[in-house]
Each structure stands twice: as structure tokens, then as C-alpha cells.
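# based on what follows, work out the 3D shape:
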Amino acid sequence: MSTSTSHTPPESEGQPEDAAGPAARPARLIHNEATTEIPVHMLFRDDPDPVQVPLRPAVVARRQGTGEQPRLTRPAPVRRRPLPEVDAGLAERPARVLPGAAGVLAGVCGVAGCVATSWWAGVLPRLAAHALHLPAYTGAGLGPAQWASYAGAGALTAFGFGGLARGRTGRAWVLGLFGGYRGTVRRTGLVWVNPLLPRRRVDVRLRHWRSESMPAADPDGMALRVVLLVVWRVRDTARAVLGVEDHETYLRECVEAALARVPVEPAGGTRGGVTAAGDALTRLVAEETAPVGMEVFSVQPLRVEYAPEVAAAVHRRRIAALDARQRASMLTSVVDSVEDTVTRLTIRGLVELDDYERKVLVRDLTVAFCSGRGEPV
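Model (predicted):
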């Protein structure tokens, strides 16, 4: 006789899970000391079409009680504003000039034209005509044709001799007309330049400028007085003359601005000294003066000294530091000497010392060595 036993399955098996099922059961929660209660079913969701949520960078701070370290954020680098660009079309180019012989020839032709016009008008003295081997001529008088000839010959003479110029090595002329740039003359020797073009002389040699005492600061913020030597030259005459009002004044102001940003360490420092400061100053000044046609080769401190208001305090601090280093060196030497003496006496068996006698011997030797060095104990 078989007895059929009915086995009732658990409620969770074989029953379809409807929408009200999860809501009917109590939600499982995650508890933590530093977190709030988070339902488990919120972490794992099976949505067919999840809603796209825009992500934003979260600011993570240290949570109390969890031991989590804060996230280190690097500060954004400060970007310097770029220097204003000079007119892109403003660049040095050679001007149109002629050899000096052309100007001399034009001037001589003009003078010859004036003499010929005077002979034609009959106003040339007979003695001068005889000296010039001109035939006798009574002349037609000064009429409109003669005056026009005088005007042409005089203009030719003025243009011929007035445009003569002597170019020198290391000098240049910047030419302009009606406010426009017409070129630069770097040729040497006798040349002819259009006399109607205004000229501005520019020194293009390698130059140096020794500054006056300028205010500065060391890496610790102490006030300094610095004298600089700047080696520079004009590379682009058009930008240097027409790009700024005064390129030499602009160079001085750029040096002062760079000196205010770069700390200068006096000689003997541990952070590079005047060499590192000179390299940084050279780089900054060269970058700022390049757009206006100047080339800076070196900006080096010649004399670095503390300002009068802090010089006495800095001097006392240096003396104290030097004295401390000297005392530390002396003490190290004395301790080494005492240790070496006690060790030798003990190893060679010359004396047998207990702890008390060893301490007394060390003290006496220390006093003796310090007294022999002339330093107070």
C-alpha cells in the first residue's frame, strides 16, 4: 500500500514574480558607519532602456571614519597672456638706393646745365666763358625757357648732391614716406638715397647696457639691490624703430619687469646663485623683446647686495649661522678625538675602566680638547 505524500513547494518556487512582488518583500539594506542606507535593488536594476544621465565630475572629499585619503588635485597652471603682436607686415627689407657715383654724376650734370643756361641767356661773364672755352655769344636774355632750364638744372643738382650719404659699419637708416615704411639701408660707403625720404639712424652694433641699482628680492623675499649687465642688439630695424616708441626704454622696462618676477640669490647660495637667476632673466627678457626686433644675448647680475633696511639683520643672521656651523664642526671633531683616545686606551689594555671612570675620562678629555682649541666649553 503506497502512501502518497504531498510535498508542498516553497512559496518562492513556481510562482511568477509580478510587479508587486518586490514591493511586498522587505528591501535589503547596506549599512555602514559613514554611509547612508542604500537599497540593494537600487544597485542592480534590469531596466530595458536605461535613462542616459549626464555625468559630471564629482568632488571627492575624505569621508570621516573610513580612512579614505582625499584625492589630490593639482592646481591649474597659470597661463600668461601672450604679448601683443607687432604688425605682421612690418619687417625689415632693403631699401632702394643707388651708388654714390650716380648722385655725383647727377649733381655735376645739374651744375653743367646751370652754366650752359647762363651762357645761353648771356649772363655768364666773359672771363668765365673764356676760361670754359665757350664761343662768344651775346645771349638771348632771361626768358621763360631760360628760367625753366635753370629750374631743371637746379633740381637735378639738389637731388644729386642732396641724396649723397655715407654708410658706416654698424649703422643703418630706416626710410619712410608719408608715415609708411620704405626700407632699411645697411650698405656702407658712399650711397645715394632719395632726399625726399625721411631718415632715422639706428645703431645695429652689439651693445651692452649697465643698469643702475634696481630693486629685487631673494628666494626668501628679502629686499635686494641688483646691478645688471645686458648685452643686446637690434635685429629688425623696422620693428625696433616703428614697432615701439623707444626701443631702448622698452628694453629697460622689460628688464625691470623680469627682475620683479625672478628671485635673485646672492653669491654663495645653495639654489644656483646668480648663474641660475641670470639664465632665467635672459630667457624672459629675450622672449619679451623678440617681437619688437631686438635680440638679447645675456642678462647677468653684476652686483647683488641686500637693501640698506635689511642689510644689518641679514648680516647678523649670517654670522650666527656661520658660528653655529663652526661650533658643530668643532664639536664633531672633539667627539671623534675623545672616542678615538678612549678606544685606543681600552683596546691596548693600558687602563681598565668601569662606567663611572669612563664617564670621568670622557669629560676630562672633552674639556682638555675644547680648551686646546680656544673654544668655551
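# and G349, helix, strand or coil?
coil (DSSP: H, G, I helix; E, B strand; the rest coil).
# look up phi and psi at it.
As for G349, its main-chain torsions (degrees, to the nearest 10) stand at phi 70, psi 20.
# can you report how many residues lie near it?
Counted with other Cβ atoms under 10 Å, the neighbours of G349 add up to 7. C-beta: built from backbone N, CA, C; applies to glycine.
# if I look at it, how far off is R327?
35 Å (Cβ to Cβ, to the nearest Å).
# ranges for the helices of the protein?
Under the criterion DSSP state H, the chain contains helices at 21-24, 100-121, 126-131, 144-162, 237-242, 247-261, 273-289, 308-347, 355-372.
# show me the contacts for F369.
334, 337-338 (Cβ atoms under 8 Å, 6 or more residues apart in numbering).
# if you rank the residues you listed by neighbours, which is first?
In these, the most neighbours by other Cβ under 10 Å go to V334, 20 neighbours.
# is it in contact with T366, as I believe?
Yes - between V334 and T366 a contact is recorded at 6.1 Å, counting by Cβ atoms under 8 Å.
# neighbours of the closest residue to W232 other than its chain neighbours, just the number please.
Nearest non-adjacent residue to W232, counting by Cβ to Cβ, 6 or more residues apart in numbering: V296, 4.6 Å away. If you count neighbours by other Cβ under 10 Å, V296 ends up with 23.
# for the protein, which spans come out with low pLDDT?
Judged by pLDDT under 70, the chain has its weakly predicted residues at 1-89, 124-140, 267-272, 311, 314-315, 372-377.
# got the domain boundaries for it?
Domains of the chain are assigned by automatic domain parsing as 98-203, 207-306, 311-372.
# and those domains: which comes nearest L90?
domain 207-306 (5.4 Å; Cβ to Cβ).
# give me the distance between the two termini of that closest one.
End-to-end distance of domain 207-306: 28 Å, with Cα to Cα, to the nearest Å as the criterion.
# do the same with stretch 284-296
End-to-end distance of stretch 284-296 (Cα to Cα): 10 Å.
# who touches F161 in this structure?
Neighbouring residues of F161 by Cβ under 8 Å, 6+ apart: 103-104, 107.
# typo on my end, it should be V310
222-223 are the contacts of V310 under Cβ under 8 Å, 6+ apart.
# give me that answer again for 10 Å
Shown in contact with V310 (Cβ atoms under 10 Å, 6 or more residues apart in numbering): 218, 222-224, 317.
# could you give me the PyMOL syntax to select whichever of these are buried?
Buried residues among the contacts of V310 (16 or more other Cβ atoms under 10 Å), as a PyMOL selection:
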select buried, resi 218+222+224
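# nearest to L190, of the contacts of V310?
So of those, ranked by how close each gets to L190 (Cβ to Cβ), first place is L224, at 51.6 Å.
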